[in-house]
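> I would like the atomic coordinates for the input below:
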Amino acid sequence: MTRSIRYPRPLRPGDVIGVTAPSAGVDAGMRARFDFALGWLEHVGFVVSVGDCLDGSGVVSAPAQARAAELTAMLTDPEVRAVVPPWGGELAIEILPHLDFQQIAEAEPTWLVGYSDVSTILLPLTLLTGNASLHGQNLMDTPNALPAEVAHWSDAAGLGRGATLVQCSTTTHASHGAGWPNYRGDPSLTRYKLDEPGQWSLLDQPRAHLDVAGSLIGGCVEVLAPLAGSRYGDIRAFSRDYAPDGLIVYVEAAESHALDIARCLWSLRLAGWFDNANAILVGRTHAPDSGGFTQQDAVRSALAGLNVPVVLDVDCGHVVPQLVLINGATARITLDGETQALTQVLD
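As a prediction, the model looks like this:
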């Protein structure tokens, strides 16, 4: 029997948002931006509950057991309606054995929001509990204005079961030269520099049309490849239990060279990640090539032989702006001339 994804109740002004760092903490140079982001949430009507695991003096914010305990507590607290880490990091994987997924599954669902190393937690959360999770802007980026084509994570978290979220390919994105916003120099920044045109395309089929649906699942390639083959990355089981009509799998590269990304994608392929995919979405990236071997060559090496449409340069991950992608939602990807849209239904 097919199981149903559980969605948190809609986020509303007055609700409590938990802030903890399950991976990297906040160093002294970023505390002003951190405080500005907290103030932004309070200004738009939310109540913010800040945890203890935020130390930015090292690679991680606290010992793994402490980070896991604090995140579990927030995800199971009936007063907390969303948990938004400041950003990703490097070693969120350390907390997976210590998270109480059973307790989380028995509690009312709570939104977990983020991307990058937070993908290490978003994916297992959905796979092991059946709770939807939200791949989108992190806390530090929360105050930034977004183009009309892209939803803010707080608006997406305000949707309830049965709602539909439509987002489209943006007309411009941040170029490699524009880089990431300088939050250290100007902690109160509220706008990205979007200076380069671009749109989605199909791998090796630039003029092709596409209209396919499936259950949405995925995240950052570098941090999810180590989960392939483990219970924390069992996409085959998720497809069987929650998505018998197939998947739309999204992947995005953060910073690794193209040859490393090729190996990561092959790891996911060999673990069965794409066996039931109706389409694969590949995020736009500024990650470096490996000599003459490009990031697109990495995608082609691992994914071109699957006989599954591969959509390139999707607005997700480490190039802003970022679409909100809800793990577990039913999604439809449409490319038809000027129409380039991703529709998600919280069914």
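> okay, now Leu122: neighbour count?
Residues lying near Leu122 (other Cβ atoms under 10 Å) number 27. Yep, even glycine has a C-beta here, placed from its N, CA and C like the rest.
> ok so it is a strand residue?
No: assignment of Leu122 by DSSP: H, G, I helix; E, B strand; the rest coil gives helix, placing it outside any strand.
> skip the chain neighbours and tell me the closest residue to it.
The spatial neighbour of Leu122 that comes closest, neighbours along the chain excluded (Cβ to Cβ, 6 or more residues apart in numbering), is Ser133 at 4.2 Å.
> same check, this time on Ala82
Spatial nearest neighbour of Ala82, chain neighbours left out: Trp111 (4.0 Å); criterion: Cβ to Cβ, 6+ apart.
> right, and the one you found touches Val83 too?
Yes: look at Trp111 against Val83 with Cβ atoms under 8 Å: they come within range, at 7.0 Å.
> report the contact partners of the residue nearest the centre of the chain.
Among the residues of the chain, His135 comes closest to the average C-alpha position under Cα atoms, centre = their mean, at 2.6 Å. His135 sits next to Gly114, Tyr115, Ser119, Leu122, Gly218, Gly219, Tyr250, Cys316, Val324, Leu325, Ile326, Asn327 when contact means Cβ atoms under 8 Å, 6 or more residues apart in numbering.
> what bridges to it?
Gly114, Leu325 (DSSP bridges).
> any idea how far it is from Leu216?
Distance, His135 to Leu216, using Cβ to Cβ, to the nearest Å: 9 Å.
> what is in contact with those two at once?
Tyr250, Leu325, Ile326, Asn327.
> which SS class is the first one?
Three-state secondary structure (criterion: three-state DSSP) places Tyr250 in strand.
> contact partners for the nearest residue to it once chain neighbours are set aside?
Once flanking residues are discounted, Tyr250 sits nearest to Gly218: 3.6 Å by Cβ to Cβ, 6+ apart. By Cβ under 8 Å, 6+ apart, the residues touching Gly218 are Leu123, His135, Leu224, Val249, Tyr250, Val251, Glu252, Leu281, Leu325, Asn327.
> so for the longest strand seen in the chain, what's the average pLDDT?
Assignment by DSSP state E gives strand 210-220 as the longest strand of the chain. Strand 210-220 shows a mean pLDDT of 98.
> over to stretch 62-70?
For stretch 62-70, the mean per-residue pLDDT is 98.
> list the buried residues of that stretch.
For stretch 62-70, burial by neighbour count (16 or more other Cβ atoms under 10 Å) applies to Ala62, Ala64, Ala66, Arg67, Ala68, Ala69, Glu70.
> quick one: contacts of it?
Outside stretch 62-70, the residues within contact range by Cβ under 8 Å, 6+ apart are 20-23, 25, 51-53, 55, 60-61, 91, 94-95, 98-100.
> between the buried residues of stretch 62-70, which is closest to Thr285?
Using Cβ to Cβ, Arg67 comes nearest to Thr285 of those, at 27.5 Å.
> for that closest one, phi and psi?
For Arg67, the backbone dihedrals (degrees, to the nearest 10) come out as phi -60, psi -40.
> over to Ser61?
Note on Ser61: backbone dihedrals following degrees, to the nearest 10 are phi -80, psi -20.
> show me what whatever helix or strand Ala331 lives in is packed against.
Following DSSP states H and E, one finds Ala331 within strand 330-336. The contact analysis (3 or more Cβ pairs under 8 Å, 6 or more residues apart in numbering; DSSP states H and E) places strand 330-336 against strand 210-220, strand 339-345.
> residues contacting the residue nearest to Ala82?
Contacts of Trp111 by Cβ under 8 Å, 6+ apart are Pro8, Leu11, Arg81, Ala82, Val83, Ala132, Ser133, Leu134, Ala157.
> one more time with 10 Å
7-11, 15, 17-18, 75, 80-84, 131-134, 136, 153-154, 156-158, 326 (Cβ atoms under 10 Å, 6 or more residues apart in numbering).
> give me the buried subset of the residues you listed.
Applying 16+ other Cβ under 10 Å to these flags 7-8, 10-11, 15, 17-18, 75, 80-84, 131-134, 136, 153-154, 156-158, 326 as buried.
> measure Leu54 to Asp35 for me?
As judged by Cβ to Cβ, Leu54 and Asp35 stand 12 Å apart.
> could you do Ala151 as well?
Counting by Cβ to Cβ - Ala151 and Asp35 are separated by 25 Å.
> more neighbours: these two, which one.
Ala151 (21 against 12).
> and that one, what does it touch?
By Cβ under 10 Å, 6+ apart, Ala151 lies in contact with Gly136, Gln137, Ala157, Gly158, Leu159, Leu165, Val166, Gln167, Gln322, Leu323, Val324, Gln344.
> again, but for Cys220
88, 115-120, 122-123, 135, 250-255, 264, 283, 316-318.
> return a PyMOL selection command for the buried portion of the residues you listed.
In PyMOL, a selection of the buried entries from the contacts of Cys220 looks like this (16+ other Cβ under 10 Å):
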select buried, resi 88+115+116+117+118+119+120+122+123+135+250+251+252+253+254+264+283+316+317+318
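> can I see the domain layout of this protein?
As given by automatic domain parsing, the domain ranges for the chain are 16-152, 168-345.
> so how far is the longest one off the chain centroid?
Relative to the centre of its chain, domain 168-345 is centred 10 Å away, using Cα atoms, centre = their mean, to the nearest Å.
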